[in-house]
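Participant: sequence and predicted structure below; questions after.
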Amino acid sequence: MLAKRNGVPIGAMAASTWLFVYPRGIYDILLYVKKKYNNPLIYITENGIDEANNATLSLEEALADNMRIHYYYHHLSFLLQAIKDGANVKGYFAWSLLDNFEWSSGYTVRFGINYVDYKNGLKRYSKLSAKWFKNLLKNGGI
């Protein structure tokens, strides 16, 4: 995976230094796989973005993950276009339902569309992105 093209980052860096935001990439890779491998059945099992676990934020601020909504909106728009262009995608799963322990980062980053309060009995709160996804599914898509 390359984070730069011609010395320029492909997109904004997420909280993890290895993760860059490039929505068109999902379209490009799906059309490449379609052409190269005779259009196999595809399930996207992880797609998402992390943010730093900032303990100084209020709960209200921590739940306002507008950058994640932006991320999903643009990635899903490119995914829809890839499907319209013939990519055989049958499933998509956001990464991740809940904030959790990330194997290389521990609890320093948050990937979930639901906030987990690690200091209050692991209580869960829907982030704005969870509400956005609910609305997306209720209304039948982008």
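Facilitator: Happy to help now that I have it.
Participant: can we go C-alpha only for contacts and neighbour counts from here?
Facilitator: Noted.
Participant: distance of the residue most central in space within the chain from residue 34?
Facilitator: The residue lying closest to the centre of the chain (CA atoms, centre = their mean) is residue 48, at 1.6 Å. Here the criterion is CA to CA, to the nearest Å. By it, residue 48 lies 22 Å from residue 34.
Participant: on that earlier part again, which residue packs closest to the residue nearest to the centre of the chain, ignoring adjacent ones?
Facilitator: residue 95 (4.7 Å; CA to CA, 6 or more residues apart in numbering).
Participant: still on that earlier bit, check what pLDDT the residue nearest to the centre of the chain gets.
Facilitator: As predicted, residue 48 sits at a pLDDT of 96.
Participant: do the one 3 residues further on as well
Facilitator: Per-residue confidence at residue 51 stands at 96 (pLDDT).
Participant: any idea how far stretch 111-120 is from the middle of the chain?
Facilitator: Distance, stretch centre to chain centre, for stretch 111-120: 16 Å (CA atoms, centre = their mean, to the nearest Å).
Participant: hang on, the residue nearest to residue 48 packs against residue 102?
Facilitator: No: using CA atoms under 8 Å, residue 95 makes no contact with residue 102, being 11.4 Å away.
Participant: who has more neighbours out of these two?
Facilitator: residue 95 (17 against 12; other CA atoms under 10 Å).
Participant: show me what the lowest-mean-pLDDT helix or strand in the chain is packed up against.
Facilitator: Sorted by mean pLDDT, DSSP states H and E, the helices and strands of the chain end with strand 4-5, the least confident at a mean of 80. Here strand 4-5 touches no other helix or strand, going by 3 or more CA pairs under 8 Å, 6 or more residues apart in numbering; DSSP states H and E.
Participant: check contacts around residue 16.
Facilitator: Counting by CA atoms under 8 Å, 6 or more residues apart in numbering, residue 16 touches 50-51, 109.
Participant: just the pLDDT at the residue of the chain positioned farthest from its centre, thanks.
Facilitator: The C-alpha centroid of the chain is most remote from residue 38, which lies 26.7 Å away (CA atoms, centre = their mean). Confidence at residue 38, expressed as pLDDT, is 98.
Participant: sweet, I'm off.
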